[in-house]
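Asks: return atomic coordinates for the entry below.
(chains A and B)
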Amino acid sequence: MKSAVLVFPGINRERDMARTLKLVSGHEPTMVWHAETSLPKGTDLVVLPGGFSYGDYLRCGAIAARSPVMDAVRKFADDGGLVLGVCNGFQILCESGLLPGILMRNARLKFICHDVHLRVERSDTPFTRGYNAGQVIRVPVAHGEGNYAADAETIKRLDGDGRVLYRYCSASGEVGDTHNINGAAQSIAGIVNERGNVLGMMPHPENHVEDIMGCTDGRGLFAGLAAHLERAA
Amino acid sequence: MEHQPKITPELVASHGLKPDEYERILKLIGREPSFTELGIFSAMWNEHCSYKSSRIHLRGLPTKAPWVLVGPGENAGVIDIGDGQAIVFKMESHNHPSFIEPYQGATTGVGGILRDVFTMGARPIACLNALSFGAPEHPKTRHLVGGVVAGVGGYGNSFGVPTVGGQVRFHTRYDGNILVNAMAVGLARTDGIFLAAASGVNMPIVYLGSKTGRDGIHGATMASAEFDDDSGEKRPTVQVGDPFAEKLLLEACLEIMAKDCVIAIQDMGAAGLTCSAVEMGAKGDLGVDLDLDSVPTRETGMSAYEMMLSESQERMLMVLKPEKEKEAEAIFRKWGLDFAVVGYTTPTKRFVVKHGGNVMADLPIKELGDEAPLYDRPHIASEPLAIIHARDIAPPLSIADALEKLIGSPELCSRRWVWEQYDHVIGGNTVQRPGGDAAVVRIEDGPKGLAMTVDVTPRYCEADPFEGGKQAVAEAWRNITAVGGKPLAITDNLNFGNPERPEIMGQFVGCLKGIAAACTALDFPVVSGNVSLYNETNGRGILPTPSIGGVGLLDDFTKSATLAFKAEDEAILLIGDTQGWLGQSVYLRDICGREEGAPPPVDLAVEKRNGDVVRGMIHAGTATAVHDLSDGGLLVALAEMAMAGNIGATLDAAPSALVPHGYWFGEDQGRYLVTVRDSDLLGVLSKLKAVEVPCVQIGKTGGDAIAIAGERPVSIEALRSAFEAWFPNYMAGRG
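Replies: Numbers count the residues shown, from 1 in each chain, chains lettered A, B, ... in the order given. Just a heads-up that it's a prediction; the model follows:
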């Protein structure tokens, strides 16, 4: 695995992400500054980490989406490369047009940081092959704007095409309003693009990968990615 | 040349300078000061910056230990934790601004303390805070809680530091003057600590960070005055925080420090450019020439006076190695930050400020700081209050009913509503999240961990300043001990009323003596701190609130203890002596409606002995769960352990020698609840006996309720619903 972690001004989980990628895959990622116009040669995974790029003073992710490096990311994705955006990274992917929809303020208008349960909707993707379909995992969220929204047609297509990979749910896997922590349409926590090579998700699997964190459920996502890329290589 | 108002007694008074202080200025400089100079003096000589009422007493605090690398007087304190690693930490108040404008007041409080820490070369690894609000029923309280919590989170979350612990309290004495105390903790290399003292003549002084605007002018002066009903009109003196700019400033500063470009660095906090430039020069025995025409400004037409007094946030002043100036500039430009050479060091020991080609100020630099007024204000000790005996108090409720009521009370209920708005997991190092005795954060990749807590019991301090001061330090020490940490040092944030009133000054002096006594006895020195006086509105002072931020070390974070019950059928041990002390207890106040009596005394030798034994049990692996006893006493602590572990307990009745409500809810000090496995019980008991630490088994874990012999069992579910309900209900207007 040869991953690149993008660093936009104001991003703050890039160190968490880099540490997790190293821990799970054994390979140190390359940190790529937003002003770069190309990705390191041989990159097989691009990660947009969480944080508050440009302070999120405009719509969250809107300015980062227009960074020089994003043209290279678009090309990389067009060529089929794997792109993972977490939290602010998800917001940036939506703003850059790589994923449909937007992330609005949480329904209760407050920043929320606590563990949530996610139902893994399918396991036959590079982003979920470390899990079983229907498996419930526990990972933390930390966001003020994670309320996923899109027009009805888009939501229908996401659902119908199996592009929702992660949904907020109860500990036993039920999906419904009481477990939908931020008001997201259809309890969506993570989606992929049409081609299935770009994932955006609000929760932080990178923060649940060691016993010290109280849970290691996040490992599966990265282990699955690493296994997928090993096989491809 | 810009307009210079005539210096009149009214103008002097409006700068917060007393007539005798103005006389002192005249004597010092031998002429009438210019308007800009008057502003500079007011900034340097206000209470907030000069510590003029407190300095004389602060000298009595113990500040040394073999592991203390930098004590009070710098941006933050520094301690050595071995392996070339240092912990840099400090706590600071932002009380007045937060009352006027809660969101921005809180954000800039957090921003200011983070800057203090990374100015010294440390990457912040944790934040904590201590928040004191007025009574829940006061019309402003809900709005202030919402705004402050959102502000604390808004800054820390965006900056990217986990907020891992703190205190939230309510009391009517904070109705008109809330307290927002923010603590930041950072990790540095012992050979990479940066200080404020400039060195070398003709060195470039560089301005870094955000631009200077008209915000916060006279903020420090406001912070040094009492409030009245029109304080809302002081809103323009509150600054606006920009965590994004601060995050860039952090990364840029750490980068140029790593490249060895920096000789001296000082953040622009209270009194902005004035205070930072004077301190750099004065500490280095040098003069400073500033040319304000080079200062990056946000607005046009700013006067020298405004620039010198602006408290715009996210700014730094540095003395750079001249040969590294270009390299440092390139790094700052990369991060999109302003970088300007605004002056030079000089051999003159004078502070010279030029603007538009004119000299606007020319003052002796050492005297600006060192010759600030120093007051030994009259102080009278508080009258000791009578000791209240539990047998003289009629219990209004059964033990079970009182427990349910207390656990769902504003004082003791869960703070989840608060800390779930703070990102407490960023960094991937949070071993113990909020809700325990102390937060624990892993140091880099381990195995070391850092335990941190903020403590004070203001009602004790009010009732007996000396015992209250002792207790605040002892509780911080106890909380660190309860997770298995070795307590190393504290930062203190001393919030009091108007020091010109002898009874308030008496509280201050008493608390400081208590703090000093406890720090000495527990080998727990003060390495940084902040004093906030004049916390009064319309002549009514706050409860004396010396917040103590403690830091301790775990050699192996995986061996930290938590308060949750771990398994059924474990023995529950009560360690420490129980008399049933109800004076100043939460029970007496919130169940009996009596806020009175002497607070529980702290025997520091006993405190140390008991704590050392408990820490030993944690390290030996015999303590499966540990919780210190504080507000609410034994039964509240036990309920917290049961809820956290989702395991109940069966308890023996109160010993016949004690009045039951005194036993269950008394707040005797120096106590812990510890669970041990059956197989370890005899060994533990005989060890405790050998070292003469009082210890009794009070029951066993198990079941889904707290069942005291002869009392109605209280289910964990009922406790939890009461515990979790109050805060969200209150904030939603349902409480």
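
Asks: leaving out sequence neighbours, find the closest residue to the residue in the stretch 551-700 of chain B that chain A sits nearest to.
Replies: Nearest residue of the stretch 551-700 of chain B to chain A, counting by Cβ to the nearest Cβ: residue B:557, 6.9 Å away. (C-beta placed from N, C-alpha, C; glycine too.) With sequence-adjacent residues excluded and distances taken as Cβ to Cβ, 6 or more residues apart in numbering or on different chains, residue B:557 is closest to residue B:449, at 2.9 Å.

Asks: phi, psi for the one you found please.
Replies: In terms of degrees, to the nearest 10, the main-chain angles of residue B:449 are phi -130, psi 160.

Asks: now do it, the pLDDT please.
Replies: If you check residue B:449, the pLDDT there is 98.

Asks: could you do residue B:369 as well?
Replies: Model confidence at residue B:369, given as pLDDT, is 80.

Asks: what's the closest non-adjacent residue to it?
Replies: In space, and not counting its chain neighbours, residue B:369 is closest to residue B:282: 4.9 Å by Cβ to Cβ, 6+ apart.

Asks: helix or strand right after the host helix or strand of the one you found?
Replies: Using DSSP states H and E, residue B:282 maps to helix B:272-283. Toward the C-terminus, helix B:272-283 is succeeded by strand B:287-291 as the next helix or strand (DSSP H and E).

Asks: name the residues that touch that next one?
Replies: Residues outside strand B:287-291 that contact it (Cβ atoms under 8 Å, 6 or more residues apart in numbering or on different chains): B:198, B:205, B:273, B:277-278, B:280-281, B:342-355, B:365.

Asks: what about the closest residue to chain A within the stretch 1-150 of chain B, which helix or strand?
Replies: Residue of the stretch 1-150 of chain B nearest chain A, by Cβ to the nearest Cβ: residue B:150 (7.4 Å). Taking DSSP H and E as the definition, one finds residue B:150 inside helix B:141-159.

Asks: check the offset of the longest helix along chain A from the chain's centre.
Replies: Secondary structure of chain A per DSSP state H: the longest helix is helix A:219-232. Distance, stretch centre to chain centre, for helix A:219-232: 15 Å (Cα atoms, centre = their mean, to the nearest Å).

Asks: quick one: mean pLDDT for that helix?
Replies: Across helix A:219-232, pLDDT averages out at 94.

Asks: what comes up buried for it?
Replies: For helix A:219-232, burial by neighbour count (16 or more other Cβ atoms under 10 Å in any protein chain shown) applies to A:219-226, A:228-229.

Asks: counting by contacts, list what it packs against.
Replies: helix A:14-25, strand A:82-86 (3 or more Cβ pairs under 8 Å, 6 or more residues apart in numbering or on different chains; DSSP states H and E).

Asks: give me whichever of these is most buried.
Replies: Most buried of those by mean neighbour count (mean count of other Cβ atoms under 10 Å in any protein chain shown) is strand A:82-86; its value is a mean of 26.

Asks: what about the following helix or strand past it and chain B, touching?
Replies: With elements assigned by DSSP H and E, the helix or strand that comes after strand A:82-86 is helix A:88-95. No: between helix A:88-95 and chain B, judged by Cβ under 8 Å from any Cβ of the partner chain, nothing touches; the nearest distance is 10.1 Å.

Asks: contacts for helix A:88-95?
Replies: Applying Cβ under 8 Å, 6+ apart, the set of residues contacting helix A:88-95 from outside is A:6, A:8, A:11, A:13, A:47-53, A:56, A:59-62, A:64-65, A:70, A:83, A:85, A:99-103, A:145, A:190, A:198, A:200-202.

Asks: what's the distance between it and the middle of its chain?
Replies: 9 Å.

Asks: need the residues of chain B near chain A, please.
Replies: Residues of chain B that fall close to chain A, judged by Cβ under 8 Å from any Cβ: B:150, B:153-154, B:157-160, B:242-245, B:247-248, B:335-336, B:419-431, B:433, B:442, B:446, B:557-558.

Asks: could you tell me which of those residues are located in helices?
Replies: In helices, defined here by DSSP H, the members of the residues of chain B next to chain A are B:150, B:153-154, B:157-159, B:243-245, B:247-248, B:419.

Asks: which helices and strands does the helix holding residue B:282 pack with?
Replies: Packing contacts for helix B:272-283, counted by 3+ Cβ pairs under 8 Å, 6+ apart, involve helix B:35-45, strand B:204-209, strand B:262-267, strand B:287-291, helix B:304-309, strand B:315-320, strand B:350-355, helix B:365-370.

Asks: same list, these, but as JSON lines with distance to residue B:377 and mean neighbour count please.
Replies: Below are the helices and strands packed on helix B:272-283 laid out as JSON lines (distance: least, Cβ to Cβ, whole Å; neighbours: other Cβ atoms under 10 Å in any protein chain shown):
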{"stretch": "helix B:35-45", "distance to residue B:377": "15", "mean neighbour count": "25"}
{"stretch": "strand B:204-209", "distance to residue B:377": "36", "mean neighbour count": "24"}
{"stretch": "strand B:262-267", "distance to residue B:377": "29", "mean neighbour count": "25"}
{"stretch": "strand B:287-291", "distance to residue B:377": "32", "mean neighbour count": "23"}
{"stretch": "helix B:304-309", "distance to residue B:377": "26", "mean neighbour count": "25"}
{"stretch": "strand B:315-320", "distance to residue B:377": "32", "mean neighbour count": "26"}
{"stretch": "strand B:350-355", "distance to residue B:377": "28", "mean neighbour count": "22"}
{"stretch": "helix B:365-370", "distance to residue B:377": "20", "mean neighbour count": "19"}
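
Asks: what residue ranges in the stretch 551-700 of chain B score low on pLDDT?
Replies: Counting by pLDDT under 70, the stretch 551-700 of chain B contains no low-confidence residues.

Asks: tell me the secondary structure for the nearest residue to residue B:580 once chain neighbours are set aside?
Replies: Using Cβ to Cβ, 6+ apart and skipping the chain neighbours, the partner closest in space to residue B:580 is residue B:662 (2.5 Å). Residue B:662 falls in the helix class when you classify it by DSSP: H, G, I helix; E, B strand; the rest coil.

Asks: quick check: residue B:662 touching residue B:392?
Replies: No: contact status for residue B:662 versus residue B:392: not in contact, 10.1 Å apart, counting by Cβ atoms under 8 Å.

Asks: compare those two (neighbour count), which wins?
Replies: For residue B:662 versus residue B:392, neighbours defined as other Cβ atoms under 10 Å in any protein chain shown are more numerous around residue B:662 (26 against 8).
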